[in-house]
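# Next come a sequence and a model predicted from it.
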Amino acid sequence: MTKSIITPAEVIALAFSDGGYIPAEAIAEIDITMATERWVAPVVGQTLLEKVAEGEYAELKSDYIAPAVAFYTRYLAQPRLNAATNQMGLTTPAGTSHKAAEKAAREELRRSLKARAQTALKRLSEYLDANTQLFAEYNPAKNILKRCSFDGGFVQVC
């Protein structure tokens, strides 16, 4: 896939709703591409993703694909945002009004981000399955969520 489904600014608008300022430059295009390829493409399929990237199926994009991509992009990028790499090595912010979050808080955020992303992806999958006739490029048999899933520690085979 050569064209991103959403922009870094859209990722921030959708997935960073905690109120803090995050510049669009904090999210790289490669973050979006990797999140899309790793988690969303195996559900939607490459052909349908390409159609969406070309501008078709606007509602599918805005209501279902963009949130899933945004949440997985944040999930992927968040550890990098928690620290900075520079010539001094790996560092954490040490400003006057904030301090770096404790490990437990970072882990809790990570679990929350993963749950939010998984919910968005499952919602996308269910929408596609309920509306298969609207998307000629979608093949439900290739949807990875139709093979098996882990919910609450249980393996579910569909």
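Received it, and whenever you're ready, just let me know what you need.
# is it true that residue 117 touches residue 68?
Yes - assessed by CB atoms under 8 Å, residue 117 is found in contact with residue 68 at 6.8 Å. All C-beta atoms are positioned from the backbone trio N, CA, C, and that covers glycine.
# Return every residue with contacts to both of those two.
Jointly contacting residue 117 and residue 68 under the rule CB atoms under 8 Å, 6 or more residues apart in numbering are residue 39.
# Give me the helix or strand of this structure that scores worst on average pLDDT.
Across the helices and strands of the chain, mean pLDDT, DSSP states H and E gives its lowest value to strand 154-157, namely a mean of 58.
# Can you tell me, leaving aside adjacent residues, what's nearest to the residue nearest the centre of the chain?
Centrality entry for the chain: nearest residue to the mean C-alpha point is residue 72, 1.9 Å, by CA atoms, centre = their mean. Once flanking residues are discounted, residue 72 sits nearest to residue 35: 3.9 Å by CB to CB, 6 or more residues apart in numbering.
# if I look at the one you found, how far off is residue 27?
Distance of residue 35 to residue 27, computed by CB to CB, to the nearest Å: 10 Å.
# Over to residue 19?
17 Å.
# So these two - more neighbours on which side?
The neighbour count for residue 19 versus residue 27, taken as other CB atoms under 10 Å, is higher for residue 27 (27 against 5).
# Give the rounded mean pLDDT of stretch 63-80.
Summarised as a single mean, pLDDT over stretch 63-80 is 95.
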